[in-house]
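K.L.:
With the sequence up front, the predicted model follows.
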Amino acid sequence: MAKKEYVVCPLCGFNKVLQSMKRMEKIGTENLKWAVLDLDTAFILQVREGGGKKSDTGAIGRGKAPGSGFHLVESESLTLSEMLQDGAYSDILSQMRDQLIRVIKQSIEIGFISIDDLV
């Protein structure tokens, strides 16, 4: 049975295959790259709308690409700054902050990062 190594984000638990033959063939590298998230512009709260029925059914879907997946509704999605201004998200933001602080503290304790890296 084949085994694969996964890298897990310590903040959210999202994981990616560390090495993927298809990825290596497609982009010519075995290095995994994490996306850079710009907190000034990234939608941390994303409102998405279903695209509708499968396209081969003849049914009419909604959104930009009828019949496919979920589509981001940018006008209703929020950046981190916008979420901070809305008290409705205080609980989830508190949980996110607590996890971020835990990850930073533990990363310092094990020597992964230093205080100097943070300033």
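P.N.:
Nice, I can see it. Numbering: from 1, shown residues only.
K.L.:
Could you use CA atoms for every contact and neighbour count after this?
P.N.:
Noted.
K.L.:
Report the rounded mean pLDDT for stretch 8-26.
P.N.:
Per-residue pLDDT values over stretch 8-26 give a mean of 74.
K.L.:
likewise stretch 76-96?
P.N.:
The predicted model assigns stretch 76-96 a mean pLDDT of 95.
K.L.:
next one: stretch 110-119
P.N.:
The average pLDDT within stretch 110-119 is 95.
K.L.:
so how far is it off the chain centroid?
P.N.:
Here the centre of stretch 110-119 is set off from its chain's centre by 23 Å, with CA atoms, centre = their mean, to the nearest Å.
K.L.:
Quick check: chain neighbours aside, which residue is closest to the most centrally placed residue in the chain?
P.N.:
Note on the chain: the residue nearest the mean C-alpha position is residue 14, at 7.3 Å, using CA atoms, centre = their mean. Nearest residue to residue 14, sequence neighbours excluded (CA to CA, 6 or more residues apart in numbering): residue 8, at 5.6 Å.
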